[in-house]
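generate a structure from the sequence data that follows.
(chains A and B)
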Amino acid sequence: MTATLRAGVALTAIILALVLLSFVWLPYPPQAMDIPHRLAAPSLTHLFGTDGFGRDVLANVLAGGRASLAVGALAVLLGAGLGVPLGIFAAIAGGWADELLSRASDLVFAFPALLIAVLAASVAGPGVGDAIAAIGIFNIPVFARVARAAAGVQWQRDYVLAAIAAGKGRFFIARAHILPNILPGLGVQAAIQASLAILAESGLSYVGLGVQPPYPSWGRMLDDAGTLITTAPWLAVFPGMAIMLTSFALALLGDGLRDLADPRREQQP
Amino acid sequence: MRLPRLLLVLLLLPLFARAAGTLTIGIQLEPPVLDPTAAASGAIGEVLFPSVYEGLVHIGPGWQLSPGLATSWQAAPDGHSYTFELRPNVRFHDGAVFDSAAVKFSLERAAAPASPNPQHADFACIAGVDTPGPLTAIIRLAHPCSGLLYALGLPGGAMLSPHSAAGDLVNPIGTGPFRFGSWARGDSITLLRNPDYWGVQAQSPAIKFRFIADPNAALDAVLSGGVDIYSAFPAPEAVARLAQNPGLKVDTALSEGKMILALNNRRAPFNNVLVRRALAYAIDRQALIGAAMDGFGAPLGSHYARQDPGYLDLTGEYPYDPAKARALLAQAGYPHGFATTIVLPPVSYATRAGQIIAAQLAAVGVQAKLVQLDWVPWLTQVFAGHDFDLTIVNHVEPLDYGIYANPDYYFGYSNPHYAAVLAQLDATPDPAAQLPLRQELQKILADDEVNVYLLQFPDITVQSTRVSLTWQPSPSGDFNLATASVTGDAGIDQAAPGARYVALALGGVAIILVAALVLRAGLAYALRRAAGLLVASLIIFTTMQLIPGDPARAILGIQASPAAVAALREQLGLDAPFWWRYGHWLAGLGHGDLGASFIYHQQVGALVAQRLALSLPLTLYALLLSTALALVLGIVAAYGRGRWSGALASGLARLALAVPNFWFGLMLVIPFGIVLHWVPAGGFPGWGAGLGAGLRALTLPAIALALPQAAVLARVLALELRELSGQDFLRTAAAKGAGPLRILFRHALPNALVPVLTILGMQFSFLLAGGVLIENVFFLPGLGRLIFQAIANRDAPVVQSVSLLLVAQVVVVTLLADLAAAAADPRRRSGASS
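The predicted structure follows:
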């Protein structure tokens, strides 16, 4: 285990533990308003201070992590769940399937996740579903490309040729042989995409898409903090640090996993 | 030699030239069109009335009427007509004479049944206008109406010239102290002093309105001097900080806005007056003002503003009393409260107030869920569809008590007694005699508590101390800009960004690229790509049709009559069949016509060209910075592997990847834009202001965009270099005596560049439209914001054509990246790869 992997696992585990802890214990209810004590600097009673409505910032940072991690995880699962089968299929079937995948990827890549989220919000109203859908849709071509490249490599291997000669169907081979062998690479990509998904979710919340009030969200906390940056800097510092640390932890994890899986593996963008 | 240096300075001087005396005003919303009689957006009047357009009367403080384009007027004894004497020797900006024919034209147009005029309700009583002479106009009324005189001094009463009215949407021609200068959509409008004005000359040679809605950006604009005045400042929480600034002055007044918690009177339990009163007792207005409005604003007891004639203070009717609220709810049959939903429009005051109100209602047992909607869905669902329980709205139209006599209005109040008193008021022309009737109306509304009247919205104006203070917004909320001026070095004057040249250049580039595509990759390849684009166009078009919401209603606003909405839908072709509209769009694309924006009344192609004039250079600038930074980090990380320098570079790259770019941008603005003034805190002056000024404005945004991209590139580059370091050809080169630098630049880098080029291509596509967040932070009129706002406004032509352009651009850029990769690596020159 390299230092990177150790650091990545440790940091991710700590953050995950803190967010899970938020379901069981929080210093204050995140939505409890205490207007006489609004905009209070960090102190012993409020470790991270309070916001414009008197709500405890620490509680909101912990509870806000739920949204970020949930959206990140679900978006990555959506992207991988749809993208990996598509990629493997394109690698095996080749020809027109490959072409179709490339054209569809171009279409999705032309639209940044933010625009897809705005479109989704226009149809269904803003909410956490739009964020998951938008980031997830954007992840599909990413996983498809990774899966296609990796599956393409596996498809040339001897054991696959042997399986074909033995009369096994392509679907069976894909499920039983290809998939387990490309999983390590996909795992690396998943961690990296998760770290990017955290950033994407914060951007969506910053403009009002994604998880809605009164549920806390790091990105929205940053939006509210912008005009108060010199009078109440703690409002921006703590959510900002939370976003950076979480994204950083997941990126470290991804890098560590990659070093573990294959130190000379070519990095997929 | 001294001389060349001096020449150089003189040559460069225009790059940094600034126009003295232009007054820059920041406002939140951009007018969609420039004719205040054609759409309901309050921003139109703010910018153009009474600066460019004027009315027959002028509304002064306390709603005192004084002569405007009319020198005097007389009501007939029976109240069925008004005779106006018009001001002589007044001309429109195009030279046409202002006379009774213009009055007849303007008012009959405003009174027409399908008119989109925002004051249509006040003009509907006009039966016709007689013109016995060029300077006399007699307005005949079908029935008396009390609002007519005031309406003649509001933006809807603007006097238009019959010859130029059709073009006023984009080229406003009025009689006022300012002429129309230019309109850079998404960014600003410039007005120029009218030297032939009939009255006192304006003091400022030019006025520029900048549209900055984001509270963060607005704050940065006033702090950095990007605007001289900001009206209706959207960040009350920052006022404390602004007041400490010696160069700024903050004025707080009360606007005409009546912020209410609107109740759907048609629905249980809100059809029960006891429940409505209970909700009024449950709200602590002072706490609401303190937390949602940072202490600005004043409580309201009824639907009436303090500065309006006949105001009665009814704020004591329902003091904060949660116990009484609970008692009333129990009396009404809800001892345990009930569950409900509050729908919030997309404005910060609604979001803030909504959270506080929900908490206060929860304290008396009413569980309120918050639902956030965009304007078009709000208009469709709440305003037109009446499908809501509670909503929070700020009613900014002055003297709009007439809405309570309309049972079809969104909150559904029906009270014949109220309608009777209102009819009596309309029949009373004497302002003094009107007062007791006005008070009666307010008492009825408070007694029935039709809606929970929350507060009168504050009007916070932030202005630089360089601005001379002889100006005031009138009670109707419009600026009287003739007396405002700014001293000293004012903002940079904007020239048109040279959109036409950009459009021509892009057209040329597009043709060359397509030709290269066909030649290089073969006709079959090109045809496959074209087929792909066709499919993409169908998907995009269908998606736009799926989005609910009516753009016609969004344009015309909440006062529009159904007839006006229907007429506009017909005009925009919104009711035509799907395949007809799709075919029409494609046919237009075929000969370069991307369609016309519903909202801006401008060709989409021109809009895109204007935005690209900013987005394209910004993207290239960001990519340049990102590549430079990535080269440094990547090389150090690769060659320093195992040493502290490599670990540091790797660590920095990883950290940079984790920074949200919009946050980084905000952080950069404070030291560099506000404290040091090295670069503007935001905004784009246009390339007409000079290359230097333009690049300076784009520097912080480019850095913010570049950082995460650089991190990605650096990591890829480091990986590639590491993989190459063991390769034979590099060792051969070293054995031949090549130094490490030569190996790096001549052998290693060109090979490492291949995947980098692919990534750069992808990043280009992403940055072009994906910089929306940065465009918001730095209030840049870029391509991302164009699409963002077009989706929110349901501006289908813009969304469709721009989306298709984005997809086409991805295809082209991918091809370019492949070509470049082939050029860099001869092993890849086997034809374009997919």
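
residue B:66 - that's part of a helix, no?
No. Using DSSP: H, G, I helix; E, B strand; the rest coil, the secondary structure at residue B:66 is strand, not a helix.

give me the below-cutoff pLDDT ranges for chain B.
B:1-20, B:469-480, B:482-484, B:487-507, B:517-518, B:520-521, B:556-561, B:824-834 (pLDDT under 70).

report the separation between residue B:623 and residue B:768.
10 Å (CB to CB, to the nearest Å). For the C-beta atoms, the positions are set from N, CA and C on the backbone; glycine is no exception.

brain fart, residue B:662
17 Å.

these two: which is more packed in?
Using other CB atoms under 10 Å in any protein chain shown as the criterion, residue B:662 and residue B:768 rank with residue B:662 on top: 28 against 24.

tell me the contacts of the residue in the stretch 551-700 of chain B that chain A sits nearest to?
Per CB to the nearest CB, residue B:658 is where the stretch 551-700 of chain B lies closest to chain A, at 3.9 Å. Listed by CB atoms under 8 Å, 6 or more residues apart in numbering or on different chains, the contact partners of residue B:658 are A:195, A:199, A:243-245, A:247-248, A:251.

try 7 Å
Residues near residue B:658 by CB atoms under 7 Å, 6 or more residues apart in numbering or on different chains: A:195, A:244, A:247-248, A:251.

with residue B:329 instead?
B:275, B:278, B:335, B:337, B:364-365.

change it to 8 Å
Residue B:329 makes contacts with B:274-275, B:278, B:335, B:337, B:364-366, as judged by CB under 8 Å, 6+ apart.

also residue A:207?
So residue A:207 contacts A:114, A:223, B:772-773, B:776 (CB under 8 Å, 6+ apart).

got phi/psi on it?
phi -100, psi 10 (degrees, to the nearest 10).

just the pLDDT for it.
Looking at residue A:207, its pLDDT stands at 83.

from residue A:137, how far out is it?
Distance from residue A:207 to residue A:137, by CB to CB: 18 Å.

ok, now residue A:201?
Distance from residue A:201 to residue A:137, counting by CB to CB: 14 Å.

then residue B:278?
Computed as CB to CB, the residue B:278 to residue A:137 distance reads 46 Å.

more neighbours: which of these two?
residue B:278 (31 against 20).

quick one: residues contacting the more buried one.
Residue B:278 makes contact with B:324-326, B:328-329, B:332, B:364, according to CB under 8 Å, 6+ apart.

ok, how many other residues are close to residue A:224?
23.

packing partners for the longest helix along chain A?
Counting residues, the longest helix found in chain A (DSSP state H) is helix A:57-93. Identification of packing neighbours for helix A:57-93 by 3 or more CB pairs under 8 Å, 6 or more residues apart in numbering or on different chains; DSSP states H and E yields helix A:3-24, helix A:96-110, helix A:128-155, helix A:179-206, helix A:218-225, helix A:234-261.

what's the most buried one of the ones you listed?
Using mean count of other CB atoms under 10 Å in any protein chain shown, the stretch among the helices and strands packed on helix A:57-93 with the largest mean neighbour count is helix A:218-225, at a mean of 26.

now that helix against helix A:179-206, angle please.
Angle of helix A:218-225 versus helix A:179-206, following axes from the mean of the first three to the mean of the last three CA atoms, to 10 degrees, is 20 degrees.

for helix A:218-225, what is the average pLDDT?
For helix A:218-225, mean pLDDT is 90.

with adjacent residues omitted, what lies nearest to residue B:300?
Of all residues not flanking residue B:300 in the chain, residue B:453 sits nearest, at 4.2 Å (CB to CB, 6 or more residues apart in numbering or on different chains).

so what's the one you found bridging to?
With DSSP bridges applied, residue B:453 shows beta-bridge pairing to residue B:260.

number of nearby residues for it?
27.

what does residue B:21 give?
18.

residues touching it, list them.
In this structure, residue B:21 makes contact with B:204-206, B:485-486, B:490, judged by CB under 8 Å, 6+ apart.

as CSV, those residues with secondary structure, distance to chain A and neighbour count would be great.
Shown next, in CSV, are the contacts of residue B:21 (DSSP: H, G, I helix; E, B strand; the rest coil; distance: CB to the nearest CB, whole Å; neighbours: other CB atoms under 10 Å in any protein chain shown):
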residue, secondary structure, distance to chain A, neighbour count
B:204, coil, 29, 25
B:205, coil, 32, 16
B:206, strand, 29, 20
B:485, strand, 29, 21
B:486, strand, 24, 23
B:490, coil, 25, 24
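
how about the contacts made by residue B:439?
B:310, B:312.

centre of the chain to the helix or strand containing it, how far?
Assigned by DSSP states H and E, residue B:439 falls within helix B:431-448. Its chain's C-alpha centre and that of helix B:431-448 lie 36 Å apart, by CA atoms, centre = their mean, to the nearest Å.

which non-adjacent residue is nearest the residue of the stretch 101-250 of chain B found nearest chain A?
Residue nearest to chain A within the stretch 101-250 of chain B: residue B:216 (3.6 Å; CB to the nearest CB). Spatial nearest neighbour of residue B:216, chain neighbours left out: residue A:226 (3.6 Å); criterion: CB to CB, 6+ apart.

got a list of what that neighbour touches?
Per CB under 8 Å, 6+ apart, neighbours of residue A:226: A:236, B:215-216, B:219, B:666.

check residue B:450 too.
B:263, B:265, B:276, B:303, B:404, B:411, B:413.

likewise residue B:345?
Contacts of residue B:345 by CB under 8 Å, 6+ apart are B:373, B:375, B:378, B:391-393.

quick check: the farthest pair among those?
B:375 and B:392 (13.6 Å; CB to CB).
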